[in-house]
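Chemist: Predicted model and sequence below, questions to follow.
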Amino acid sequence: MYNAKMYPFERNHYFYGKLLSVEDFELEQKYMNDKRRLINRFLFGSGVVTGLTVVDVDEQTVSLEAGFALDCWGREIFVDEPVLLKLSAMEGFDACLNANADDVYLCMEYNEQDADRVHSIAAPQSAVDRRVHDDFDRTREGARLYLTAKEPEENIRPQLSFRHLRETQTVLYEGERERITLIAPRFAVKGEDAVLRLHIENRGRNTLAFAFDLQLGGFVSADGKSSLGVTFDEELYEKSDQYDVTIPITAPEGTATEGMIRVENDKAKLTLSGSPVDTAFGAAISVGFAKDSVAGAIDEYYRNMSVDNVALTGMQIPIYLARLSVTTTEDTLIIESCENVPFGQYVGNIPLMESLMEVAGEGGGSERSTRTSQSQVAAAEGMDRTRIAQGVYDLMVEGGRKGEVSYSAPIAHGLGLGRVAVTLGIEEKDGDVIYGSSDIFDSKEERAVDVDIAAKVNEDDGSFIIGARLKEQSVGGHVRIHWTALRDERTVYEKSEKRIFIKPNLLELGVRESYALECVCENMMEKSVTWSVHENGGYIDETGLYTAPNDPGVYEVMAQSTAYPDVKAAIFVVVRGA
């Protein structure tokens, strides 16, 4: 039953007196399996559905959590309990050791094994000893786990997460541990904004910097030019393995059917820790112009694809569970870091998609705000766009002399941390809203209190405060203020991004043992955190003292900033039996 071909379909036809053979029963199983796998493959895709997190336990061992996945043929792979994997004992270890690679990959494939040996009275007998041969009573489905130093081919990577439906990409540079990828939308609408993205990976110790020119055929830059210079210097960013730089562009009205983004190599420069590197940056990406909308163009593009293309042209592709950055010694591999699902092989499900859509639709806001709504123009796949939040705040203005100022409580706009723009307007008695200077409309009689208003944004906690100053002596009263907050998701995070870390980053305990964890907060004045553990994962008090549960396993402990709820960190605790 190790069958990858899912069509055509053929099933048994039953009738009275039919003689059933082994082939008939196998056909029955094949028909049911192939139909289910076809639905899995074409409706859900392939990759990790849930769980299967990989944790580096020590320098030569990783732990694979229980979980569920679908392979590229729709076959189910279920791991029912955590598995400890010692690299030196795994399939593919010797090949990775000989390859002397900086990165190796933990891969998973569907696997079947014969189980439960039994005597077969109908099996052919040996001509020598006439002993009856054994056979197997069951076929056990499971997972094959192995190591490889081979990455998926560059043209295959976008298909692993179905990003190829909405974007196209090309590698501008690839070194031993560095890669620069230019990513463009597959489709754009004329007269509307689009976004190019540079994805920069640097898992080495050298500092990466580069500069080149982009020729925007069919597009213009934010300042209206058909070309622009692109520069990147890693020293200006907080150190990370990966960076994303966004480049906003616009497709002006015209008769062209597609745009062409070109990288000019003659002015390209690249350095590693200040040393120039000879490289060819020349590349080009085409972007199709959609008739009405990007969503409509993607829909048409997908529905016009052949069945073989949708099924990844029948290629056997493993699930890349983790990228392990390693140091190769004479006889072993030393794990330095672990990155889960490096090529984005995830499978969504209906509850998850509904939750994400509800969050995108509902947004966030202040408890004091009424009729608050949030409109996220970004599509479900996470393309960079402008986000908008709106609300109404009733501000109590204290009476007094001209120039007296009253302030609101902090109002959460719901767009997250960082820079946002806030616009304010005052609602008059007749329901009209005046934005800007109200004196222009000479409508002082339409307001209970005549005030000037302004907003002060707090980028550190995602809120703003409204201030109102009396324009003349007044007894005070309520002022209804309409506010609109805008955030451009294309803004690159600043170097002072808030982060928290848990020390140690990996903990190994026996059952019921305790350990005091420490949380380190960066770029925050308020450093208090809230500790939590997953269900049945032990107990942790408000000081960070963690006590392991009674059952061995791998458990997650999380710390969340009290002042900045979006800032959080987690570690895994390996609990071993007595």
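Modeler: Alright, I've got the coordinates.
Chemist: going forward, measure contacts between C-alpha atoms and count neighbours the same way
Modeler: Noted.
Chemist: check which helix or strand covers the closest residue to Glu258 other than its chain neighbours.
Modeler: In space, and not counting its chain neighbours, Glu258 is closest to Gly288: 4.3 Å by CA to CA, 6 or more residues apart in numbering. For Gly288, the host element (DSSP states H and E) is strand 283-290.
Chemist: give the contact list for the residue nearest to Glu258.
Modeler: Arg186, Phe187, Ala188, Thr257, Glu258, Gly259 (CA atoms under 8 Å, 6 or more residues apart in numbering).
Chemist: the helices in this protein, which residues?
Modeler: 22-39, 93-99, 157-160, 294-303, 307-310, 350-362 (DSSP state H).
Chemist: Next, the buried residues of the strand holding Gly288.
Modeler: By neighbour count with 16 or more other CA atoms under 10 Å, strand 283-290 contains the buried residues Ala284, Ile285, Ser286, Val287, Gly288, Phe289, Ala290.
Chemist: Looking at those residues, which one is closest to Leu321?
Modeler: Using CA to CA, Ile285 comes nearest to Leu321 of the buried residues of strand 283-290, at 29.5 Å.
Chemist: Can you check what pLDDT the model gives the closest one?
Modeler: You'll see Ile285 listed with a pLDDT of 83.
Chemist: Go ahead and confirm it touches Arg186.
Modeler: No: checked against CA atoms under 8 Å, the pair Ile285 and Arg186 is beyond contact range at 9.1 Å.
Chemist: Overlap of the contact sets of the two?
Modeler: With CA under 8 Å, 6+ apart as the test, Ile285 and Arg186 both reach Thr168.
Chemist: Please give me every residue in contact with Arg186.
Modeler: Counting by CA under 8 Å, 6+ apart, the residues that Arg186 touches are His164, Leu165, Arg166, Glu167, Thr168, Ser286, Val287, Gly288.
Chemist: Which single one of those is nearest to Ile434?
Modeler: Arg166 (41.0 Å).
Chemist: what's near enough to touch the closest one?
Modeler: Arg166 touches Pro185, Arg186, Phe187, Ile298, counting by CA under 8 Å, 6+ apart.
Chemist: mind redoing it with 6 Å?
Modeler: Contact partners of Arg166, counting by CA atoms under 6 Å, 6 or more residues apart in numbering, are Pro185, Arg186.
Chemist: For Phe289, see how far away it is.
Modeler: 13 Å (CA to CA, to the nearest Å).
Chemist: same question, Ile247
Modeler: For Ile247, the distance to Phe289 - CA to CA - is 18 Å.
Chemist: Kindly state the pLDDT recorded for the residue nearest the centre of the chain?
Modeler: Taking CA atoms, centre = their mean, the centroid of the chain lies closest to Gly344, which sits 7.4 Å from it. On pLDDT, Gly344 comes in at 80.
Chemist: circling back: between the contacts of Gly288, which is closest to Ala421?
Modeler: Of those, the one sitting nearest to Ala421 (CA to CA) turns out to be Ala188, at 26.3 Å.
Chemist: just checking, that closest one touches Phe289?
Modeler: Yes: counting by CA atoms under 6 Å, Ala188 does reach Phe289; the two are 5.0 Å apart.
Chemist: Nearest residue to Glu234 in space, please, no chain neighbours.
Modeler: In space, Glu234 is closest to Leu208, 5.5 Å off (CA to CA, 6+ apart).
Chemist: Quick check: that neighbour touching Leu270?
Modeler: No: counting by CA under 6 Å, Leu208 stays clear of Leu270, with 7.6 Å between them.
Chemist: mind listing the strands for the stretch 351-500 of the chain?
Modeler: 370-376, 386-400, 405-407, 411-412, 421-427, 433-435, 451-458, 463-470, 474-488, 499-503 (DSSP state E, counting those that start in this stretch).
Chemist: quick one: strands adjacent to the shortest one?
Modeler: In other words, strand 411-412. Taking DSSP bridges as the criterion, strand 411-412 forms sheet pairs with strand 463-470 (antiparallel).
Chemist: just the third one next, same as before
Modeler: According to DSSP bridges, strand 405-407 forms sheet pairs with strand 463-470 (antiparallel).
Chemist: Tell me how far the strand it pairs with lies from the chain's centre.
Modeler: Mean-position distance between strand 463-470 and its chain equals 37 Å (CA atoms, centre = their mean, to the nearest Å).
Chemist: Can I get that strand in CSV, CA atoms only?
Modeler: Provided in CSV are the C-alpha atoms of strand 463-470 (Å, rounded to 0.1, in the frame of the first residue of the first chain):
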residue,chain,number,x,y,z
SER,A,463,-1.5,54.1,22.6
PHE,A,464,-2.1,57.9,22.4
ILE,A,465,-3.4,60.7,24.6
ILE,A,466,-5.8,63.5,23.6
GLY,A,467,-5.3,67.0,24.9
ALA,A,468,-7.9,69.7,24.8
ARG,A,469,-7.1,73.4,25.4
LEU,A,470,-9.9,76.0,26.2
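Chemist: Which positions within that strand qualify as buried?
Modeler: Within strand 463-470, the residues scored as buried using 16+ other CA under 10 Å are Ser463, Phe464, Ile466, Gly467, Ala468, Arg469, Leu470.
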